[in-house]
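A.B. asks: Using only what follows, build the 3D model:
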Amino acid sequence: MSNLQVEVLGGGNVRVAGEITFFTVNEALSFNVLSKTDQVKINLGGITRSDSAGLALMIHWMREAKKAGVDLSFEEIPENLFALAKVSYLDELLPIG
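C.D. replies: Residues are numbered from 1 along each chain as shown. Reported below is the predicted structural model:
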């Protein structure tokens, strides 16, 4: 059992907590975070551990949101995850709310 929680709340809000790693990313992908609204905010403040799989997951969600015409933003990105984005020159592409 993994230490990952993805909670799809009302009003287009999503909260992610726990670990997003190579071992848990497939579980995170099983959640439909793009609700039937035109705006989704994903709060990542509860992430306790992440590796590059977390960044890949964020990019996946961005791609899916674009395809669905959903305005996606991320909130409370943990420092280590943002540092990975910065090193990869992806920090300016992230929709931060």
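A.B. asks: And the longest strand seen in the chain, what does it pack against?
C.D. replies: Of all segments of type strand in the chain, defined using DSSP state E, the longest is strand 39-50. Counting contacts by 3 or more CB pairs under 8 Å, 6 or more residues apart in numbering; DSSP states H and E, strand 39-50 is packed against strand 13-20, helix 52-68, strand 71-75, helix 79-87. C-beta: built from backbone N, CA, C; applies to glycine.
A.B. asks: which residues touch the third one?
C.D. replies: Put plainly, it is strand 71-75. 34, 38-45, 58, 61-62, 65, 94-97 (CB atoms under 8 Å, 6 or more residues apart in numbering).
A.B. asks: now do 10 Å
C.D. replies: Residues from elsewhere that reach strand 71-75 (CB atoms under 10 Å, 6 or more residues apart in numbering): 12-16, 33-34, 37-45, 58, 61-66, 81-82, 85, 94-97.
A.B. asks: what's the residue most central in space within the chain in contact with, if anything?
C.D. replies: By CA atoms, centre = their mean, the chain has its centre lying nearest to Met58, at 4.3 Å. Neighbouring residues of Met58 by CB under 10 Å, 6+ apart: 16, 20, 42, 44, 50, 72, 74, 77, 81, 84-85, 90, 93-95.
A.B. asks: so which of the residues you listed is the most crowded?
C.D. replies: Ile20 (30 neighbours; other CB atoms under 10 Å).
A.B. asks: who's in contact with Glu64?
C.D. replies: With CB under 10 Å, 6+ apart, Glu64 has these contacts: 29, 32-34, 70, 72.
A.B. asks: hmm, which two among these are most spread apart?
C.D. replies: By the measure CB to CB, Leu29 and Val70 form the most distant pair in the contacts of Glu64, at 16.4 Å.
A.B. asks: quick one: Gly69 and Thr37, what's the gap?
C.D. replies: Separation of Gly69 from Thr37 (CB to CB, to the nearest Å) stands at 11 Å.
A.B. asks: Those two: which is more packed in?
C.D. replies: Thr37 (12 against 8).
A.B. asks: pLDDT weak spots in the protein?
C.D. replies: 1-2, 97 (pLDDT under 70).
A.B. asks: do that again at 50, thanks
C.D. replies: 1 (pLDDT under 50).
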